[in-house]
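Student: sequence first, predicted model second:
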Amino acid sequence: MSKSTKITLTDVALAADVSPITVSRALRNPDKVSSEARARIDRAILALGYVPNPAARALASGRTDIVGVIIPSVSNNVFADVMRGIDEGLQGSSLGVQLGTTRYSPLTEQQLIRVFLSQRPAGLIVAGHDQSPAARALLEEADCPVVQIMEIGPPPIDLAVGLSHFDGARTGAAHLLAQGYQAPAFLGAQMDPRSQRRLAGFRAALAAAGMGADDPVVTTPEPSSVSLGCRLFADLLARRPQTDAVLCNNDDLALGVLFEAQRRNIRVPEQLGICGFNDHEMMSAAQPALTSVATDRLAMGRHAVRLIRERLSGPGAERGHALDLGFRLVPRASTARRS
């Protein structure tokens, strides 16, 4: 067969001595085809140089085998972990991923949703539930499973996997108070909706303890970093020198607070308690080890894909289903003021 001849699925079927529908099934759902038949099909595909046509497949089936994933950032370790979970969840399937990043822009998110849906994806995964009205309308009309990840809250458009950031931060702040700290503060960066809910949880914990006469909060819309944590903590001490504990809206900031405290000879945890959020590996490796609110980002990605695959292969979870993965406070030396 000449290189100019277009190789078809039927050509692969003839070479593998199976029916075209078996080849199609092997490409879509390999676990539904015997290992012997899959091996012959794989050899035929390799020998012939067959490349599936996703556009033709979409016309035939009404969808492609692509899961669209729209997240705010690829540099943020939180979303890197989520993508690892998505990749793990896709193993053993014929599904692939198309990734888009919003850079925390609602307008960009809206545009990406429109583009992705126009390509007839097998499913769509989006971060959060704070889409613009126009983006939400697009998702509500989507002809594929839609999974909102990272948090739970209002009823989802279709499906959701996440946790309550409000409750997580409230638990972190309550832990600082239970350890005997009397003037806790909050540091936040990249104040997206999830960070705003963490701030609200912090304030709720202080209000429940009868505190909050002043405003022990320093935030910035800047992207988070360790060096930014150093700077925000310095700003906080200039404004509120009596601060004896800090809840940070992520672990980068918490590590920066630790470094700045060490530069100033502020003893942790005796003079200052520090609690982060997400519990990345660096929190247990720091000296002293840093307390954090642990979230399972890998599980978020895996479960999001699982929900899509189950919906594609059968009834799956009903519309409105939300999976709460919860959170876990991991107390370490940075808040061990009380034995």
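Tutor: Everything's here; your move.

Student: distance of residue 177 relative to residue 266?
Tutor: Distance from residue 177 to residue 266, counting by C-beta to C-beta, to the nearest Å: 19 Å. Just so you know, the C-beta spots here come from the backbone N, C-alpha and C atoms, and that holds for glycine as well.

Student: likewise for residue 218?
Tutor: 16 Å.

Student: higher neighbour count, those two?
Tutor: Neighbours were counted for residue 218 and for residue 266 using other C-beta atoms under 10 Å; residue 218 has more, 23 against 17.

Student: check contacts around the closest residue in space to that one that isn't next to it in sequence.
Tutor: Distances taken as C-beta to C-beta, 6 or more residues apart in numbering put residue 236 closest to residue 218, at 4.7 Å, once the chain neighbours are dropped. Contacts for residue 236 were tallied using C-beta atoms under 8 Å, 6 or more residues apart in numbering; they are 185, 187, 216, 218, 243, 246.

Student: and the protein, what are its domains?
Tutor: 9-52, 62-162+297-325, 165-294+329-335 (automatic domain parsing).

Student: just put these in CSV and tack on mean pLDDT.
Tutor: As requested, these are exported to CSV (pLDDT from 0 to 100):
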stretch, mean pLDDT
domain 9-52, 85
domain 62-162+297-325, 94
domain 165-294+329-335, 96
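
Student: just the helices from the stretch 1-150 of the chain, written as ranges.
Tutor: Listed in chain order, the helices of the stretch 1-150 of the chain (DSSP state H, counting those that start in this stretch) span residues 9-16, 20-28, 35-48, 54-61, 77-90, 106-118, 133-140.

Student: so which of these is nearest residue 199?
Tutor: The closest of these to residue 199 is helix 77-90. By C-beta to C-beta, the value is 16.9 Å.

Student: and the contacts of the helix or strand harbouring residue 293?
Tutor: Using DSSP states H and E, the element containing residue 293 is strand 291-294. Applying C-beta under 8 Å, 6+ apart, the contact partners of strand 291-294 are 168-169, 171-172, 175, 251, 254, 273-280, 283, 327-332, 334-335.

Student: which residues touch the next helix or strand after it?
Tutor: Counting by DSSP H and E, the element after strand 291-294 in chain order, helix or strand, is helix 297-313. When contacts are defined by C-beta under 8 Å, 6+ apart, helix 297-313 is touched by residues 29, 67, 78-79, 81-90, 93, 95, 122-123, 125, 145, 147, 149-150, 159, 161-162, 278, 316-317, 321, 323, 325.

Student: filter those residues to the buried ones?
Tutor: Among the contacts of helix 297-313, those scoring as buried are 67, 78-79, 81-83, 85-86, 89-90, 93, 95, 122-123, 125, 145, 147, 149-150, 159, 161-162, 278, 316-317, 321, 323, 325 (criterion: 16 or more other C-beta atoms under 10 Å).

Student: please name the residues that touch the residue nearest to residue 225 when sequence neighbours are not counted.
Tutor: The shortest distance from residue 225 to any non-neighbouring residue, by C-beta to C-beta, 6+ apart, is to residue 252 (5.6 Å). For residue 252, the contacting residues are 189, 224, 225, 226, 228, 229, by C-beta under 8 Å, 6+ apart.

Student: cool, thanks, signing off.
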